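J.: Sequence first, then the predicted structure, then my questions.
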Amino acid sequence: MGLFSFFSKEKKETLDKGLAKTKENVFGKIARAIAGKSKVDDEVLDNLEEVLITSDVGVETTLKIIGRIEKRAAADKYMNAQELNTILRDEIAALLTENHTEDADDFEAPIARKPYVIMVVGVNGVGKTTTIGKLAYQFKKAGKSVYLGAADTFRAAAVEQLMIWGERVGVPVVKQKMGADPASVAFDTLNSAVANGADVVIIDTAGRLHNKVGLMNELTKIKNVMKKVVPDAPDEVLLVLDGSTGQNAFEQAKQFTLATEVTAMAVTKLDGTAKGGVVIGISDQFKIPVKYIGLGEGMEDLQVFRRKEFVDSLFGDNQ
């Protein structure tokens, strides 16, 4: 177990605070849905279904959860409504476990090859550049040397924002002039990183959901050019989604997974929304690990996603 791999009290407090609105929204509704009920019947299940769908868990995932609860209710004739939270907690935890590889062991986890290359994708406004900055901070804090590549060359603001994060964190940012070929920026970044023995390279890309073919071609070109420097690059394609957009995040995930091979996801802005249930649905529907969650503006407010702690925060630690 690494130095930072335990779940500290501070991290738990950040997670609890960040998910407070979702907890109140979802489980306040559940409490009202089962109020006065002595057993789990069709009405309770219908109410629960409505709660989960309106909490942005998603229709397909909600029906899957309800189906599991129905089976347990049928097997245990004496199940009462008060047990519903415990059952729901178990089934959501099981669902998240099925759809993930093992949780990451925080930001200092061993990286087999240098440099470890992360290509970050996502539309503008989801917190993509901020997530890159926070990732750079966490990797540097864990003793890694980091290079950033400003391959979103279509917006001056994106390059400027990444430069600000680079200065703030104290890591180099490779950039070119506005309108430059994004693949060329990625190529230069990897060359510099290899020459200087960097551990981690994080490449920002244009946050545009233009037509799928255009997006696919652009991301494929960046990948192919990076492979000329680091043959197996990228090691990770990280899709950043804004959790506060609820169902819109599902649509963005759909578009990007069609356009490129996404290997991990980060769900941001969970602290400002009651729609944290979207993490459950996205994980289930796309079978791609949610690797990071954003819980605030601070440097420390990007956390490695841990399933058990996430479910504990949603349901409380009374079990």
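T.: Cool, the structure landed. None of these values were measured; they are calculated from a predicted model.

J.: Measure how buried D46 is and give me the count.
T.: When neighbours are counted by other CB atoms under 10 Å, D46 registers 12. Any C-beta I mention is one placed from the backbone N, CA and C, and that applies to glycine too.

J.: Double-check that it belongs to a strand.
T.: No: under DSSP: H, G, I helix; E, B strand; the rest coil, D46 sits outside any strand and is assigned helix.

J.: Number the residues from 44 up from this point.
T.: Got it, the first residue is 44 from now on, which makes the last one we talked about D89.

J.: quick one: it and I77, what's the gap?
T.: From D89 across to I77, the span is 12 Å (CB to CB, to the nearest Å).

J.: from the middle of its chain, how far away would stretch 234-249 be?
T.: Offset of stretch 234-249 from its chain centre (CA atoms, centre = their mean, to the nearest Å): 22 Å.

J.: ok, T104 touching L139?
T.: No: between T104 and L139 no contact is recorded; they are 10.6 Å apart, counting by CB atoms under 8 Å.

J.: Are there residues contacting both of these two? Which ones?
T.: I323, D327 (CB atoms under 8 Å, 6 or more residues apart in numbering).

J.: How about V102, nearest residue that isn't a chain neighbour?
T.: Nearest residue to V102 in three dimensions, chain neighbours excluded: I96, at 5.9 Å (CB to CB, 6 or more residues apart in numbering).

J.: what about the one you found, which helix or strand?
T.: Using DSSP states H and E, I96 falls within helix 85-97.

J.: in that helix, what's buried?
T.: Buried residues in helix 85-97, counted by 16 or more other CB atoms under 10 Å: V87, L88, N90, L91, E92, V94, L95, I96, T97.

J.: List the buried residues for the worst-scoring helix or strand of the chain on mean pLDDT?
T.: Evaluated with mean pLDDT, DSSP states H and E, the helix-and-strand set of the chain has its lowest mean pLDDT in helix 63-77, which scores a mean of 77. Residues A63, K64, T65, K66, N68, V69, F70, K72, I73, A76, I77 are the ones in helix 63-77 that count as buried (16+ other CB under 10 Å).

J.: Likewise for stretch 203-219?
T.: Q204, L205, W208, G209, V212, V214, P215, V216, V217, K218, Q219.

J.: Just give me the neighbour total for the residue lying closest to the last one once chain neighbours are set aside.
T.: What that stands for is Q219. Excluding its sequence neighbours, the residue lying closest to Q219 (CB to CB, 6+ apart) is V228, at 5.2 Å. Neighbours of V228 under the rule other CB under 10 Å: 25.

J.: likewise the one 5 residues further on?
T.: When neighbours are counted by other CB under 10 Å, L233 registers 26.

J.: and what of G339?
T.: 17.

J.: try G257
T.: Residues near G257, counting by other CB under 10 Å: 12.

J.: What helices and strands are in contact with the helix or strand containing it?
T.: In this assignment (DSSP H and E), G257 forms part of helix 255-270. Secondary-structure packing of helix 255-270 (3 or more CB pairs under 8 Å, 6 or more residues apart in numbering; DSSP states H and E): strand 159-164, helix 225-238, helix 290-302.

J.: quick one: contacts of the helix or strand following the shortest one?
T.: It refers to strand 159-164. Remark: after strand 159-164, the chain's next helix or strand is helix 171-184, criterion DSSP H and E. Residues from elsewhere that reach helix 171-184 (CB under 8 Å, 6+ apart): 47, 150, 161, 163-165, 189, 191, 195, 201, 204-205, 208-209, 211-214, 242-243, 245, 247, 250, 281, 283, 309, 311, 335, 337, 342, 344-345.

J.: Show the buried residues in those residues.
T.: For the contacts of helix 171-184, buried by 16+ other CB under 10 Å: 47, 150, 161, 163-165, 189, 191, 195, 201, 204-205, 208-209, 212, 214, 242-243, 245, 247, 250, 281, 283, 309, 311, 335, 337, 344-345.

J.: Of the residues you listed, which belong to helices?
T.: Judged by DSSP state H, the buried ones among the contacts of helix 171-184 include A201, Q204, L205, W208, G209, V212 as members of helices.

J.: The first one reaches G250, doesn't it?
T.: If I follow you right, that is A201. Yes: with contact defined as CB under 8 Å, A201 counts as touching G250 (7.2 Å).

J.: what do these two both touch?
T.: Common neighbours of A201 and G250 (CB under 8 Å, 6+ apart) are N167, D195.

J.: Could you list the low-pLDDT ranges of the stretch 144-293 of the chain?
T.: Scanning the stretch 144-293 of the chain with the threshold set as pLDDT under 70 gives 144-149, 151-155, 252-255.

J.: rewinding a little: which elements pack onto the helix holding I96?
T.: helix 63-77, helix 102-118, helix 127-141.

J.: From T105, how far off is the most centrally placed residue in the chain?
T.: Nearest to the centroid of the C-alpha atoms of the chain, with distances taken as CA atoms, centre = their mean, sits A309, at 2.0 Å. Per CB to CB, A309 is found 23 Å from T105.
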